[in-house]
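Novice: I'd like to go over a predicted model; first the sequence, then the structure.
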Amino acid sequence: MQLDDLYRRVIMDHYKNPRNRGKFESDEAVTIDLNNPTCGDKISLQMQVEDGLVKNAKFLGEGCSISLSSASMMTDAVKGKALDEALKMAENFSGLMKGETVEFEYEDIEALSGVNKFPARIKCATLAWNALRKGIEQSQKSE
Ligand code: ZN
């Protein structure tokens, strides 16, 4: 898979030094477990939602560099954001995977733009974002 050098560096940095990797001690978090059987990626996303904000987010997972770097970026990007902003980001990320030009306030995410040329890997990149959508849905139900 050929990705632009700079983009590849950003992805590998998140893969090797994942942000927000871990688990919350308290049970005041929504937990979403998702996997991507085509690649063997697994993610367990935890979100603390308060007053309509993603107060904090963490994840555990195993899989390829695309899926785990995406989870690292996503959790970093949505922290402190309102739920509708986080959903908008997930929407924008879907656009990015369709080859649309999208800018993110959290610029590292744009490093994943090249993935849209590799249809088999799109599911890797979107796994964390799908978990985010589910997490938001669940936290809205429980309010
Ligand atoms: Zn994968």
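Specialist: Thanks, I have the structure now. Numbering: from 1, shown residues only.

Novice: ok now stretch 91-102, how far from the chain's centre?
Specialist: Its chain's C-alpha centre and that of stretch 91-102 lie 14 Å apart, by CA atoms, centre = their mean, to the nearest Å.

Novice: count of neighbours near residue 11?
Specialist: Counted with other CB atoms under 10 Å, the neighbours of residue 11 add up to 24. Just so you know, the C-beta spots here come from the backbone N, C-alpha and C atoms, and that holds for glycine as well.

Novice: and it, which helix or strand is it part of?
Specialist: Using DSSP states H and E, residue 11 falls within helix 5-16.

Novice: give me the next element, helix or strand, following that helix.
Specialist: According to DSSP H and E, the helix or strand after helix 5-16 is strand 30-36.

Novice: re earlier: list the buried residues in the helix holding residue 11.
Specialist: By neighbour count on 16 or more other CB atoms under 10 Å, the buried set for helix 5-16 is 7, 10, 11, 14, 15.

Novice: pLDDT score for the nearest residue to the last one once chain neighbours are set aside?
Specialist: Going back to what we said before, that points to residue 15. Take residue 15 and drop its neighbours on the chain: the residue closest to it by CB to CB, 6 or more residues apart in numbering is residue 65, 4.1 Å away. Looking at residue 65, its pLDDT stands at 97.
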